[in-house]
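Asks: give me a model of this one.
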Amino acid sequence: MQLFWGSWTADGKAALSPDEANHAARVLRKVPGDVIHVGNGQGDVARVELQHVAPKAAWGTVLEVIPQFGSVPGTLHMVLCPTKSLDRTEWAVEKGVELGVSSFHLALANRSERRHASVDRLQKIVDSAAKQSLKGLVPKIHEAVPLASLWGHAQWKQAQKGVLHCMESPKTPLLTWPMPPGKPVVLAVGPEGDFTPEEAAAAASHGWDALTLGNARLRTETAVVTAAAVVLQRWETALVVHGNPL
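Replies: The predicted structure is shown next:
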C-alpha cells in the first residue's frame, strides 16, 4: 500500500499536493483508473480512484474515507532537547513518528549544547516518516522554546506528565507508571548531560512525575525512542501489577 498527501472536498473530489502529484506521475507511473490512498494529515485517509494524473496536478473521486487511519490507542506528546549532532535528533523524531508520537516540542534546557534546530527540515522528516509508516496523522514539530515555559503548558493541564532523568532520586519506572485510559501522555527527555536538579524540581512543582527507563544510561535519542516504544506497548497490552490494572 502507498500513501499520498492531499485533500478532498465534501462532494467527494480529491486532489494530491503538487509534490505528491509529481511523484505519482513521474516516479510511480500512476494512470487514470488506479486506486490510491490519500491522507489529509489530520488522521483521515481516503481511497481515491484517479481520474487525472500529471506531474503538476492529480485528482480523482473519493470511494471511501477511513477515519483515524493508522492511529495508536492514545496521545503522546514528546518534549525533546535537540542534540548537539542534529542527525541524532532527526533520527529520534523519525522513529518517534513510526511509534505514534503525536507532537514534538523542542526545548532549550540549561545544558543544551544546541540552541537551534530547523523546524522546516524536521517537519519534512515527519511528513515522510508518517507516510512511509502509514500514519494518517502527521505530527507537528513545535519551535524550540525555553524549557521553563513548557512545565506549566496550559494545553497539558489534564495530561499525565512525566520527566525522564538520570539523577539519584526516587523515580517511577515508565513500565509501571499509571497511565489512565483516555488521558494524554507527555514525556520530557533531557539534553546531553541531563536536566539540572533545578529543572527537575521545577517540573515536579508543576505536577510532572520523575520517571526512569531502567539502570542503563541512554543517550537522548535512544531515550526518546525507548520511551515512545514503552508507551505504545503499554497502550496495546494491558498491564496488571499485583492484580491492579495500570
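Asks: which parts of the chain are helices?
Replies: In the chain, helices defined by DSSP state H lie at 18-22, 86-98, 119-132, 148-151, 197-205, 220-236, listed in chain order.
Asks: would you reformat the ones you listed as CSV and include mean neighbour count and distance to Ile36?
Replies: Bear in mind the C-beta positions are built from the backbone N, C-alpha and C, glycine included. Formatted as CSV, the helices of the chain follow (neighbours: other C-beta atoms under 10 Å; distance: least, C-beta to C-beta, whole Å):
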stretch, mean neighbour count, distance to Ile36
helix 18-22, 16, 10
helix 86-98, 20, 21
helix 119-132, 17, 12
helix 148-151, 18, 39
helix 197-205, 16, 45
helix 220-236, 20, 28
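Asks: what's the closest of those to Asp34?
Replies: Nearest of the helices of the chain to Asp34, taken as C-beta to C-beta: helix 18-22 at 12.9 Å.
Asks: counting contacts, what elements does the closest one pack onto?
Replies: strand 3-8, strand 57-66 (3 or more C-beta pairs under 8 Å, 6 or more residues apart in numbering; DSSP states H and E).
Asks: and the shortest one with helix 119-132, angle?
Replies: Regarding strand 3-8 and helix 119-132, their directions subtend 100 degrees when assessed with axes from the mean of the first three to the mean of the last three C-alpha atoms, to 10 degrees.
Asks: now swap in the longest one and tell me
Replies: Calculated by the same axes, to 10 degrees, strand 57-66 forms an angle of 60 degrees with helix 119-132.
Asks: contacts for strand 57-66 next, please.
Replies: 8, 12-16, 18, 20-21, 24-25, 30, 32, 35-36, 44-52, 136 (C-beta atoms under 8 Å, 6 or more residues apart in numbering).
Asks: for the most centrally placed residue in the chain, give me phi and psi.
Replies: Nearest to the geometric centre of the chain sits Val101, at 2.7 Å (C-alpha atoms, centre = their mean). Phi and psi for Val101, reported as degrees, to the nearest 10, are phi -60, psi 130.
Asks: render the CA-only coordinates of stretch 48-68 in PDB, please.
Replies: Only the C-alpha atoms of stretch 48-68 are listed here, as PDB (Å, rounded to 0.1, in the frame of the first residue of the first chain):
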ATOM      1  CA  VAL A  48      -9.400   7.500  -4.300                       C
ATOM      2  CA  GLU A  49      -9.900   6.400  -7.900                       C
ATOM      3  CA  LEU A  50      -7.700   8.600 -10.100                       C
ATOM      4  CA  GLN A  51      -9.200  10.500 -13.000                       C
ATOM      5  CA  HIS A  52      -6.300  12.700 -14.000                       C
ATOM      6  CA  VAL A  53      -2.600  12.200 -13.400                       C
ATOM      7  CA  ALA A  54       0.100  14.700 -14.500                       C
ATOM      8  CA  PRO A  55       3.300  16.000 -13.000                       C
ATOM      9  CA  LYS A  56       1.700  19.200 -11.900                       C
ATOM     10  CA  ALA A  57      -1.700  18.000 -10.800                       C
ATOM     11  CA  ALA A  58      -3.500  14.800 -10.000                       C
ATOM     12  CA  TRP A  59      -7.100  14.300  -8.800                       C
ATOM     13  CA  GLY A  60      -9.900  11.700  -8.600                       C
ATOM     14  CA  THR A  61     -13.000  10.600  -6.900                       C
ATOM     15  CA  VAL A  62     -13.300   9.500  -3.200                       C
ATOM     16  CA  LEU A  63     -14.500   5.900  -2.900                       C
ATOM     17  CA  GLU A  64     -14.300   5.700   0.900                       C
ATOM     18  CA  VAL A  65     -13.000   7.700   3.900                       C
ATOM     19  CA  ILE A  66     -11.200   5.800   6.600                       C
ATOM     20  CA  PRO A  67     -11.100   7.800   9.900                       C
ATOM     21  CA  GLN A  68      -8.100   7.700  12.200                       C
END
